[in-house]
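Enquirer: Quick one, what's the 3D model for this:
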Amino acid sequence: MDFRKSLDVAIIGGGPAGVSACLELAGTQRGKVALFESGPELGGIPRTCHVFFGMRDLGRLHTGPAYARKLDRLARRTSTEIHVNATVMQIVPGENGAPHRLQVGSPEGYAMYEARTVLLATGCYESPRDTRLLPGLRPAGIFTTGSLQELVRNCGSKPGKRAIILGSEIVALSCVLTLRHAGTAIEGLVEEDDEVQTYPWLARSMGGMLGIPLYTGTSVQGILGTKRVEGVRLMDRRTQKIQDVACDAIILTGRFRAYSPLIDGTPIGYDPATYGPAVDMNLMTTVPGIFAAGNVLRGADMHDLCALEGRRAARGIVAHLKGEGTSAGRRIPVSAEDPVRYVVPQRILPEETKACRSSLFQAGPSIQLAHAVKQGVFEAWSGSEVIWRKPFKRLPGNTRIPLPLEEFNWRKADRERGVVLKVAAS
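Expert: Numbers count the residues shown, from 1 in each chain. The predicted structure is shown next:
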(Lines give C-alpha, C1' and ligand atoms only; values in the text may rest on other atoms or scores of the structure.)
Protein backbone atom coordinates (compact mmCIF):
# COMPACT_ATOMS: atom_id res chain seq x y z
CA MET A 1 0.00 0.00 0.00
CA ASP A 2 1.48 3.31 -1.10
CA PHE A 3 1.10 6.03 1.51
CA ARG A 4 0.67 9.36 -0.27
CA LYS A 5 0.17 12.30 2.07
CA SER A 6 -1.72 13.87 4.90
CA LEU A 7 -4.74 16.08 4.21
CA ASP A 8 -6.75 18.58 6.18
CA VAL A 9 -9.97 17.76 4.29
CA ALA A 10 -10.86 14.76 2.11
CA ILE A 11 -14.05 15.13 0.06
CA ILE A 12 -15.53 11.89 -1.26
CA GLY A 13 -17.83 12.50 -4.23
CA GLY A 14 -17.63 15.01 -7.09
CA GLY A 15 -21.32 15.86 -7.47
CA PRO A 16 -22.98 19.18 -6.53
CA ALA A 17 -22.53 18.68 -2.76
CA GLY A 18 -18.88 17.64 -2.94
CA VAL A 19 -17.81 20.29 -5.46
CA SER A 20 -19.70 23.06 -3.66
CA ALA A 21 -17.98 22.11 -0.41
CA CYS A 22 -14.68 22.33 -2.26
CA LEU A 23 -15.54 25.85 -3.48
CA GLU A 24 -16.59 26.99 -0.02
CA LEU A 25 -13.40 25.65 1.51
CA ALA A 26 -11.30 27.41 -1.14
CA GLY A 27 -12.47 30.75 0.24
CA THR A 28 -12.02 29.96 3.92
CA GLN A 29 -9.57 27.08 4.38
CA ARG A 30 -5.86 27.32 3.58
CA GLY A 31 -5.03 23.70 4.35
CA LYS A 32 -4.65 20.73 2.04
CA VAL A 33 -7.94 19.67 0.44
CA ALA A 34 -8.44 16.71 -1.90
CA LEU A 35 -11.55 15.62 -3.77
CA PHE A 36 -12.01 12.00 -4.86
CA GLU A 37 -14.50 11.15 -7.64
CA SER A 38 -14.99 7.58 -8.86
CA GLY A 39 -16.16 8.70 -12.31
CA PRO A 40 -14.14 10.30 -15.12
CA GLU A 41 -15.61 13.79 -14.62
CA LEU A 42 -16.95 16.05 -11.91
CA GLY A 43 -20.57 17.19 -11.79
CA GLY A 44 -22.45 14.05 -10.80
CA ILE A 45 -25.87 13.12 -12.17
CA PRO A 46 -26.50 16.52 -13.87
CA ARG A 47 -24.02 15.50 -16.59
CA THR A 48 -26.78 13.48 -18.25
CA CYS A 49 -29.83 15.59 -17.39
CA HIS A 50 -31.96 18.40 -18.83
CA VAL A 51 -32.45 22.07 -17.93
CA PHE A 52 -33.35 23.72 -14.58
CA PHE A 53 -29.94 23.40 -12.91
CA GLY A 54 -28.04 25.92 -10.82
CA MET A 55 -30.60 28.58 -9.89
CA ARG A 56 -30.27 28.42 -6.10
CA ASP A 57 -26.53 27.80 -5.92
CA LEU A 58 -25.11 29.54 -9.02
CA GLY A 59 -27.80 32.17 -9.50
CA ARG A 60 -28.86 31.24 -13.03
CA LEU A 61 -30.33 28.34 -14.96
CA HIS A 62 -28.15 25.87 -16.85
CA THR A 63 -28.67 22.65 -18.72
CA GLY A 64 -27.44 19.64 -16.78
CA PRO A 65 -24.23 19.16 -18.81
CA ALA A 66 -23.47 22.90 -18.71
CA TYR A 67 -24.01 22.94 -14.95
CA ALA A 68 -21.64 19.98 -14.49
CA ARG A 69 -18.98 21.62 -16.67
CA LYS A 70 -19.35 24.85 -14.68
CA LEU A 71 -18.78 23.00 -11.39
CA ASP A 72 -15.76 21.25 -12.90
CA ARG A 73 -14.20 24.53 -14.07
CA LEU A 74 -14.80 26.26 -10.74
CA ALA A 75 -13.30 23.38 -8.77
CA ARG A 76 -10.18 23.22 -10.93
CA ARG A 77 -9.53 26.92 -10.36
CA THR A 78 -9.01 26.23 -6.67
CA SER A 79 -5.96 24.67 -5.03
CA THR A 80 -7.89 21.47 -4.36
CA GLU A 81 -6.22 18.24 -5.44
CA ILE A 82 -8.79 16.65 -7.76
CA HIS A 83 -8.63 12.90 -8.32
CA VAL A 84 -11.06 11.46 -10.91
CA ASN A 85 -11.41 7.72 -11.57
CA ALA A 86 -10.46 7.41 -7.90
CA THR A 87 -12.70 5.26 -5.73
CA VAL A 88 -12.49 5.42 -1.95
CA MET A 89 -12.64 1.77 -0.96
CA GLN A 90 -12.61 2.12 2.82
CA ILE A 91 -12.66 4.66 5.63
CA VAL A 92 -10.96 3.86 8.92
CA PRO A 93 -12.05 6.53 11.43
CA GLY A 94 -9.31 7.74 13.74
CA GLU A 95 -9.70 7.44 17.50
CA ASN A 96 -9.18 10.15 20.11
CA GLY A 97 -8.45 12.88 17.59
CA ALA A 98 -6.19 10.78 15.35
CA PRO A 99 -6.48 11.32 11.57
CA HIS A 100 -8.97 9.30 9.57
CA ARG A 101 -7.54 6.93 6.95
CA LEU A 102 -8.85 6.48 3.42
CA GLN A 103 -7.95 3.61 1.11
CA VAL A 104 -8.23 4.81 -2.48
CA GLY A 105 -8.15 2.77 -5.67
CA SER A 106 -7.35 4.29 -9.06
CA PRO A 107 -5.75 3.26 -12.39
CA GLU A 108 -2.38 4.02 -10.74
CA GLY A 109 -3.02 1.46 -7.98
CA TYR A 110 -4.00 1.68 -4.33
CA ALA A 111 -3.00 4.48 -1.99
CA MET A 112 -3.63 5.41 1.62
CA TYR A 113 -4.42 8.96 2.72
CA GLU A 114 -4.74 10.46 6.17
CA ALA A 115 -7.20 13.30 6.71
CA ARG A 116 -8.07 15.45 9.71
CA THR A 117 -11.63 15.76 8.40
CA VAL A 118 -13.70 13.86 5.82
CA LEU A 119 -16.84 14.83 3.90
CA LEU A 120 -19.07 12.03 2.60
CA ALA A 121 -20.89 13.24 -0.53
CA THR A 122 -21.42 9.95 -2.33
CA GLY A 123 -25.00 10.60 -3.42
CA CYS A 124 -27.78 8.06 -3.92
CA TYR A 125 -29.14 5.45 -6.30
CA GLU A 126 -32.56 4.44 -7.62
CA SER A 127 -34.09 1.19 -6.45
CA PRO A 128 -33.69 -1.38 -9.26
CA ARG A 129 -36.38 -3.74 -10.45
CA ASP A 130 -35.44 -6.49 -8.00
CA THR A 131 -36.26 -4.40 -4.93
CA ARG A 132 -39.56 -3.22 -6.43
CA LEU A 133 -40.83 -6.82 -6.71
CA LEU A 134 -42.29 -6.29 -10.18
CA PRO A 135 -43.80 -9.52 -11.57
CA GLY A 136 -43.00 -10.85 -15.03
CA LEU A 137 -40.00 -11.99 -17.03
CA ARG A 138 -36.82 -9.98 -17.63
CA PRO A 139 -37.09 -8.71 -21.20
CA ALA A 140 -34.93 -5.95 -22.66
CA GLY A 141 -36.27 -2.41 -22.46
CA ILE A 142 -36.40 -1.78 -18.68
CA PHE A 143 -34.46 1.29 -17.51
CA THR A 144 -33.94 3.36 -14.40
CA THR A 145 -33.88 7.14 -14.77
CA GLY A 146 -30.08 7.13 -14.64
CA SER A 147 -29.64 4.45 -17.31
CA LEU A 148 -32.23 6.17 -19.52
CA GLN A 149 -30.43 9.50 -19.35
CA GLU A 150 -27.06 7.88 -19.94
CA LEU A 151 -28.45 6.10 -23.00
CA VAL A 152 -30.09 9.18 -24.49
CA ARG A 153 -27.73 11.99 -23.52
CA ASN A 154 -24.34 10.30 -23.72
CA CYS A 155 -24.91 7.51 -26.22
CA GLY A 156 -27.44 9.27 -28.47
CA SER A 157 -29.68 6.19 -28.52
CA LYS A 158 -33.43 5.82 -28.30
CA PRO A 159 -34.87 3.61 -25.51
CA GLY A 160 -37.89 2.61 -27.59
CA LYS A 161 -40.85 3.91 -29.53
CA ARG A 162 -43.38 3.94 -26.66
CA ALA A 163 -42.61 4.11 -22.95
CA ILE A 164 -44.42 3.75 -19.63
CA ILE A 165 -43.06 5.62 -16.59
CA LEU A 166 -43.42 3.91 -13.20
CA GLY A 167 -43.41 6.34 -10.28
CA SER A 168 -44.43 9.97 -9.98
CA GLU A 169 -41.79 11.64 -7.83
CA ILE A 170 -40.35 14.87 -9.18
CA VAL A 171 -37.68 12.89 -11.05
CA ALA A 172 -40.47 11.61 -13.31
CA LEU A 173 -40.51 15.04 -14.95
CA SER A 174 -36.85 14.53 -15.81
CA CYS A 175 -37.80 11.27 -17.51
CA VAL A 176 -40.58 13.02 -19.41
CA LEU A 177 -38.16 15.60 -20.78
CA THR A 178 -35.55 12.95 -21.67
CA LEU A 179 -38.09 10.75 -23.47
CA ARG A 180 -39.48 13.71 -25.41
CA HIS A 181 -35.93 14.69 -26.39
CA ALA A 182 -35.37 11.13 -27.65
CA GLY A 183 -38.62 11.18 -29.65
CA THR A 184 -40.19 8.41 -27.58
CA ALA A 185 -43.96 8.57 -27.05
CA ILE A 186 -45.12 8.39 -23.42
CA GLU A 187 -48.06 6.02 -23.00
CA GLY A 188 -48.67 6.84 -19.37
CA LEU A 189 -47.36 7.42 -15.87
CA VAL A 190 -48.23 4.82 -13.22
CA GLU A 191 -48.42 5.61 -9.49
CA GLU A 192 -49.49 3.11 -6.82
CA ASP A 193 -50.70 5.81 -4.45
CA ASP A 194 -54.00 7.59 -5.03
CA GLU A 195 -52.15 10.84 -5.68
CA VAL A 196 -49.15 11.84 -7.73
CA GLN A 197 -46.17 12.02 -5.37
CA THR A 198 -45.08 15.58 -5.99
CA TYR A 199 -46.43 19.11 -6.07
CA PRO A 200 -49.96 19.39 -7.56
CA TRP A 201 -48.89 21.93 -10.21
CA LEU A 202 -46.32 19.45 -11.50
CA ALA A 203 -48.91 16.70 -11.67
CA ARG A 204 -51.22 18.99 -13.64
CA SER A 205 -48.44 19.86 -16.08
CA MET A 206 -47.68 16.21 -16.74
CA GLY A 207 -51.30 15.14 -17.02
CA GLY A 208 -52.72 18.21 -18.75
CA MET A 209 -50.23 20.37 -20.59
CA LEU A 210 -48.12 17.42 -21.77
CA GLY A 211 -51.08 15.13 -22.37
CA ILE A 212 -49.67 12.17 -20.45
CA PRO A 213 -52.23 9.65 -19.13
CA LEU A 214 -51.94 9.39 -15.33
CA TYR A 215 -52.73 6.01 -13.75
CA THR A 216 -52.98 6.77 -10.04
CA GLY A 217 -54.00 4.15 -7.48
CA THR A 218 -52.67 1.61 -9.96
CA SER A 219 -50.27 -1.30 -9.51
CA VAL A 220 -48.25 -3.28 -12.04
CA GLN A 221 -49.51 -6.84 -12.26
CA GLY A 222 -47.05 -7.99 -14.88
CA ILE A 223 -44.48 -7.02 -17.48
CA LEU A 224 -45.44 -8.41 -20.86
CA GLY A 225 -42.93 -9.74 -23.37
CA THR A 226 -40.09 -12.25 -23.42
CA LYS A 227 -37.13 -10.92 -25.43
CA ARG A 228 -38.35 -7.32 -25.47
CA VAL A 229 -40.94 -5.43 -23.41
CA GLU A 230 -44.30 -5.54 -25.17
CA GLY A 231 -46.44 -3.88 -22.53
CA VAL A 232 -47.51 -3.75 -18.89
CA ARG A 233 -50.54 -5.20 -17.16
CA LEU A 234 -52.08 -2.67 -14.79
CA MET A 235 -54.72 -3.02 -12.08
CA ASP A 236 -56.78 -0.15 -10.70
CA ARG A 237 -56.61 -0.88 -6.98
CA ARG A 238 -59.95 0.84 -6.34
CA THR A 239 -62.04 -0.98 -8.94
CA GLN A 240 -59.83 -4.08 -9.45
CA LYS A 241 -60.08 -3.45 -13.18
CA ILE A 242 -57.17 -4.84 -15.20
CA GLN A 243 -55.92 -3.45 -18.50
CA ASP A 244 -52.90 -3.98 -20.73
CA VAL A 245 -50.99 -0.95 -22.03
CA ALA A 246 -48.72 -1.56 -25.01
CA CYS A 247 -45.16 -0.21 -24.80
CA ASP A 248 -41.63 -1.30 -25.62
CA ALA A 249 -39.84 0.54 -22.78
CA ILE A 250 -40.45 0.80 -19.04
CA ILE A 251 -38.80 3.52 -16.99
CA LEU A 252 -38.41 2.91 -13.24
CA THR A 253 -38.24 6.22 -11.39
CA GLY A 254 -37.79 7.34 -7.81
CA ARG A 255 -37.49 5.29 -4.61
CA PHE A 256 -33.98 6.63 -4.14
CA ARG A 257 -31.71 5.24 -1.46
CA ALA A 258 -28.59 6.74 0.09
CA TYR A 259 -25.37 5.31 -1.33
CA SER A 260 -23.46 4.81 1.90
CA PRO A 261 -21.42 1.56 1.86
CA LEU A 262 -18.42 3.42 3.28
CA ILE A 263 -20.05 3.68 6.71
CA ASP A 264 -20.68 -0.08 6.93
CA GLY A 265 -18.56 -1.68 9.60
CA THR A 266 -17.48 1.68 11.03
CA PRO A 267 -18.55 3.50 14.20
CA ILE A 268 -20.28 6.12 12.03
CA GLY A 269 -23.93 6.05 13.13
CA TYR A 270 -26.57 5.52 10.46
CA ASP A 271 -30.23 6.46 10.26
CA PRO A 272 -32.34 3.24 10.05
CA ALA A 273 -34.90 5.14 7.98
CA THR A 274 -32.51 6.22 5.22
CA TYR A 275 -29.49 3.93 5.76
CA GLY A 276 -27.40 7.05 5.33
CA PRO A 277 -25.28 8.62 8.07
CA ALA A 278 -27.01 10.43 10.91
CA VAL A 279 -25.79 14.02 11.36
CA ASP A 280 -26.12 17.05 13.59
CA MET A 281 -26.97 20.60 12.54
CA ASN A 282 -23.41 21.19 11.32
CA LEU A 283 -23.76 17.98 9.25
CA MET A 284 -21.17 16.14 11.34
CA THR A 285 -21.76 12.43 11.86
CA THR A 286 -21.43 10.62 15.17
CA VAL A 287 -17.66 10.38 14.56
CA PRO A 288 -15.94 13.73 15.19
CA GLY A 289 -14.36 15.12 12.06
CA ILE A 290 -16.45 13.07 9.60
CA PHE A 291 -19.22 15.03 7.89
CA ALA A 292 -21.88 14.18 5.29
CA ALA A 293 -23.92 16.26 2.85
CA GLY A 294 -26.23 15.86 -0.12
CA ASN A 295 -28.14 12.79 -1.16
CA VAL A 296 -26.07 10.38 0.91
CA LEU A 297 -28.17 11.68 3.81
CA ARG A 298 -31.61 10.88 2.46
CA GLY A 299 -31.85 9.68 -1.15
CA ALA A 300 -32.69 12.10 -3.95
CA ASP A 301 -33.10 15.81 -3.35
CA MET A 302 -32.79 18.82 -5.63
CA HIS A 303 -29.23 19.27 -6.89
CA ASP A 304 -28.91 22.93 -5.91
CA LEU A 305 -30.13 22.27 -2.38
CA CYS A 306 -27.49 19.54 -2.17
CA ALA A 307 -24.94 22.11 -3.35
CA LEU A 308 -26.02 24.55 -0.64
CA GLU A 309 -25.83 21.73 1.88
CA GLY A 310 -22.28 21.01 0.73
CA ARG A 311 -21.38 24.62 1.48
CA ARG A 312 -22.95 24.32 4.93
CA ALA A 313 -20.94 21.16 5.63
CA ALA A 314 -17.78 22.99 4.56
CA ARG A 315 -18.48 25.72 7.11
CA GLY A 316 -18.94 23.03 9.74
CA ILE A 317 -15.60 21.51 8.72
CA VAL A 318 -13.83 24.86 9.06
CA ALA A 319 -15.32 25.37 12.52
CA HIS A 320 -14.22 21.86 13.55
CA LEU A 321 -10.67 22.43 12.31
CA LYS A 322 -10.58 25.62 14.38
CA GLY A 323 -11.74 23.72 17.45
CA GLU A 324 -15.10 25.49 17.57
CA GLY A 325 -17.30 22.40 17.79
CA THR A 326 -19.96 22.00 20.49
CA SER A 327 -20.46 19.21 23.00
CA ALA A 328 -22.19 16.18 21.47
CA GLY A 329 -23.90 15.41 24.76
CA ARG A 330 -26.11 18.48 24.54
CA ARG A 331 -27.78 17.46 21.28
CA ILE A 332 -31.32 16.10 21.22
CA PRO A 333 -32.06 13.06 19.01
CA VAL A 334 -34.92 13.50 16.54
CA SER A 335 -36.73 10.61 14.82
CA ALA A 336 -39.95 10.13 12.88
CA GLU A 337 -42.91 7.76 12.64
CA ASP A 338 -44.65 6.53 9.50
CA PRO A 339 -45.67 8.11 7.14
CA VAL A 340 -42.71 10.43 7.72
CA ARG A 341 -39.83 8.74 5.89
CA TYR A 342 -36.98 10.66 7.43
CA VAL A 343 -35.83 13.78 9.19
CA VAL A 344 -32.44 15.45 8.58
CA PRO A 345 -30.57 16.36 10.75
CA GLN A 346 -31.21 13.71 13.39
CA ARG A 347 -29.43 15.43 16.29
CA ILE A 348 -30.46 18.96 17.25
CA LEU A 349 -28.82 21.63 19.35
CA PRO A 350 -31.75 23.94 20.28
CA GLU A 351 -29.49 26.98 20.61
CA GLU A 352 -28.59 26.73 16.92
CA THR A 353 -32.07 26.35 15.45
CA LYS A 354 -32.63 30.05 14.72
CA ALA A 355 -29.37 30.19 12.76
CA CYS A 356 -30.27 27.09 10.74
CA ARG A 357 -33.56 27.92 9.09
CA SER A 358 -35.06 25.92 6.26
CA SER A 359 -37.15 26.91 3.26
CA LEU A 360 -37.70 25.92 -0.34
CA PHE A 361 -34.75 28.16 -1.17
CA GLN A 362 -32.41 27.19 1.64
CA ALA A 363 -30.95 23.82 2.54
CA GLY A 364 -31.86 23.48 6.19
CA PRO A 365 -33.69 20.91 8.34
CA SER A 366 -36.28 18.94 6.38
CA ILE A 367 -38.48 15.87 6.30
CA GLN A 368 -39.98 13.68 3.62
CA LEU A 369 -43.21 11.68 3.64
CA ALA A 370 -43.58 8.22 2.14
CA HIS A 371 -46.79 9.33 0.39
CA ALA A 372 -49.02 12.37 0.09
CA VAL A 373 -51.25 13.11 3.10
CA LYS A 374 -54.38 15.29 3.15
CA GLN A 375 -56.03 17.14 6.04
CA GLY A 376 -53.98 16.44 9.13
CA VAL A 377 -51.81 17.82 11.88
CA PHE A 378 -48.04 17.63 11.92
CA GLU A 379 -46.73 17.26 15.48
CA ALA A 380 -43.47 16.99 17.39
CA TRP A 381 -43.60 14.99 20.63
CA SER A 382 -41.04 14.73 23.40
CA GLY A 383 -42.19 12.13 25.90
CA SER A 384 -45.77 13.11 26.77
CA GLU A 385 -45.33 16.74 25.69
CA VAL A 386 -46.29 18.22 22.32
CA ILE A 387 -43.61 20.80 21.61
CA TRP A 388 -44.90 21.82 18.16
CA ARG A 389 -47.95 21.26 16.02
CA LYS A 390 -49.21 22.63 12.73
CA PRO A 391 -52.34 21.72 10.74
CA PHE A 392 -52.09 21.26 6.98
CA LYS A 393 -54.37 20.73 3.99
CA ARG A 394 -51.92 18.61 2.01
CA LEU A 395 -48.34 17.43 2.38
CA PRO A 396 -46.72 16.03 -0.79
CA GLY A 397 -45.02 12.63 -0.73
CA ASN A 398 -41.39 11.91 -1.60
CA THR A 399 -40.60 15.64 -1.64
CA ARG A 400 -38.44 17.77 0.66
CA ILE A 401 -40.58 19.62 3.21
CA PRO A 402 -38.84 22.34 5.28
CA LEU A 403 -38.97 21.74 9.04
CA PRO A 404 -39.21 24.94 11.15
CA LEU A 405 -37.18 23.80 14.14
CA GLU A 406 -37.01 27.38 15.40
CA GLU A 407 -40.76 27.18 16.13
CA PHE A 408 -40.42 24.18 18.48
CA ASN A 409 -40.81 24.76 22.22
CA TRP A 410 -37.43 23.30 23.10
CA ARG A 411 -37.83 24.19 26.79
CA LYS A 412 -40.31 21.31 27.07
CA ALA A 413 -38.06 18.85 25.23
CA ASP A 414 -36.70 15.87 27.14
CA ARG A 415 -33.06 15.54 26.07
CA GLU A 416 -32.99 11.87 27.03
CA ARG A 417 -36.19 10.79 25.27
CA GLY A 418 -35.60 13.02 22.28
CA VAL A 419 -38.22 14.25 19.83
CA VAL A 420 -40.52 12.18 17.59
CA LEU A 421 -42.27 13.65 14.55
CA LYS A 422 -45.78 12.38 13.84
CA VAL A 423 -48.61 13.04 11.39
CA ALA A 424 -52.07 12.79 12.98
CA ALA A 425 -55.59 13.05 11.55
CA SER A 426 -57.18 16.47 12.05
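
Enquirer: so residue 79 touches residue 31, yeah?
Expert: No. Residue 79 sits out of contact with residue 31 when judged by C-beta atoms under 8 Å, with a separation of 9.7 Å. In short, each C-beta sits where N, CA and C put it, glycine included.

Enquirer: Between those two, which has more neighbouring residues?
Expert: residue 31 (15 against 12; other C-beta atoms under 10 Å).

Enquirer: Need the three-state assignment for the more buried one.
Expert: Following DSSP: H, G, I helix; E, B strand; the rest coil, residue 31 is assigned to coil.

Enquirer: Which stretches in the stretch 151-300 of the chain count as helices?
Expert: Counting by DSSP state H, counting those that start in this stretch, residue ranges of the helices within the stretch 151-300 of the chain are 171-182, 200-204.

Enquirer: Strands of the stretch 201-350 of the chain, residue ranges please.
Expert: Counting by DSSP state E, counting those that start in this stretch, the stretch 201-350 of the chain has strands at residues 214-216, 218-224, 231-236, 242-246, 249-252, 256-258, 290-292, 332-336, 340-344, 347-348.

Enquirer: nearest to residue 180, of the ones you listed?
Expert: Minimum separation from residue 180 across those (C-beta to C-beta) falls at strand 249-252, 12.4 Å.

Enquirer: List the buried residues for that closest one?
Expert: Buried positions in strand 249-252, judged by neighbour count with 16 or more other C-beta atoms under 10 Å: 249, 250, 251, 252.

Enquirer: Check whether the last one really touches residue 143, as I assumed.
Expert: Yes. Contact status for residue 252 versus residue 143: in contact at 6.9 Å, counting by C-beta under 8 Å.

Enquirer: Not counting sequence-adjacent ones, nearest residue to residue 46?
Expert: Excluding its sequence neighbours, the residue lying closest to residue 46 (C-beta to C-beta, 6 or more residues apart in numbering) is residue 64, at 3.9 Å.

Enquirer: OK, contacts around that neighbour?
Expert: 45, 46, 47, 48, 49, 50, 51, 53, 153 (C-beta atoms under 8 Å, 6 or more residues apart in numbering).

Enquirer: Tally up the residues packed near residue 366, please.
Expert: 23.

Enquirer: do residue 174 as well
Expert: Look at residue 174: counted by other C-beta under 10 Å, it has 21 neighbours.

Enquirer: That one and residue 335, how far apart?
Expert: Separation of residue 174 from residue 335 (C-beta to C-beta, to the nearest Å): 31 Å.

Enquirer: Low-confidence ranges, the stretch 1-150 of the chain, go.
Expert: In the predicted model of the stretch 1-150 of the chain, residues 1-4, 29, 51 satisfy pLDDT under 70.

Enquirer: all strands of it, in order?
Expert: 2-12, 33-36, 81-83, 87-92, 100-106, 109-120, 124-126, 142-144.

Enquirer: For those, state which one has the densest average packing.
Expert: strand 33-36 (a mean of 24; mean count of other C-beta atoms under 10 Å).

Enquirer: on contacts alone, who are the packing partners of that strand?
Expert: Helices and strands touching strand 33-36, by 3 or more C-beta pairs under 8 Å, 6 or more residues apart in numbering; DSSP states H and E, are strand 2-12, helix 16-28, strand 81-83.

Enquirer: so what strands line up beside it?
Expert: strand 2-12 (parallel), strand 81-83 (parallel) (DSSP bridges).

Enquirer: Give me the buried entries from the contacts of residue 64.
Expert: Burial by neighbour count, 16+ other C-beta under 10 Å: within these this picks out 45, 46, 47, 48, 49, 50, 53, 153.

Enquirer: who's in contact with the fifth one?
Expert: Read it as residue 49. 63, 64, 65, 149, 153, 174, 178.

Enquirer: Kindly report the same for the second one.
Expert: Applying C-beta under 8 Å, 6+ apart, we find residue 46 in contact with 15, 16, 53, 64, 65, 67, 68, 303.

Enquirer: Let's have those residues in TSV, adding distance to residue 89.
Expert: Below are these laid out as TSV (distance: C-beta to C-beta, whole Å):
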residue	distance to residue 89
15	19
16	23
53	30
64	29
65	29
67	29
68	25
303	26
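
Enquirer: From those residues, list just the buried residues.
Expert: Among the contacts of residue 46, those buried by neighbour count (16+ other C-beta under 10 Å) are 15, 16, 53, 64, 65, 67, 68, 303.

Enquirer: for the stretch 201-350 of the chain, which spans come out with low pLDDT?
Expert: Ranges of the stretch 201-350 of the chain meeting pLDDT under 70: 202-204, 206-207, 209, 325-329.

Enquirer: Kindly tell me how buried residue 201 is, as a neighbour count.
Expert: Residues near residue 201, counting by other C-beta under 10 Å, number 8.

Enquirer: Would you mind measuring from it to residue 170?
Expert: 11 Å.

Enquirer: residues making contact with stretch 365-372?
Expert: In contact with stretch 365-372 (C-beta under 8 Å, 6+ apart) are residues 193, 195-197, 281, 298-299, 336, 338-345, 348, 353, 356, 358, 394-403, 405, 421, 423.

Enquirer: Filter those down to the buried ones, ChimeraX style.
Expert: This is the ChimeraX syntax for the buried subset of the contacts of stretch 365-372, where burial follows 16+ other C-beta under 10 Å:
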select :193,195,196,197,281,298,299,336,339,340,341,342,343,344,345,348,353,356,358,395,396,397,398,399,400,401,402,403,405,421,423
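
Enquirer: Give me the nearest residue to residue 123, chain neighbours excluded.
Expert: In space, and not counting its chain neighbours, residue 123 is closest to residue 295: 4.7 Å by C-beta to C-beta, 6+ apart.

Enquirer: so the one you found sits right up against residue 256, yeah?
Expert: Yes. Counting by C-beta under 8 Å, residue 295 touches residue 256, with 7.0 Å between them.

Enquirer: shared neighbours of these two, anything?
Expert: Joint contacts of residue 295 and residue 256 (C-beta under 8 Å, 6+ apart) are residue 124.

Enquirer: Name the nearest of the buried ones among the contacts of residue 46 relative to residue 226.
Expert: Nearest member of those to residue 226, counting by C-beta to C-beta, is residue 64, at 34.9 Å.

Enquirer: Could you give the number of residues near the closest residue to residue 255 other than its chain neighbours?
Expert: Take residue 255 and drop its neighbours on the chain: the residue closest to it by C-beta to C-beta, 6+ apart is residue 127, 3.9 Å away. Residues lying near residue 127 (other C-beta under 10 Å) number 16.
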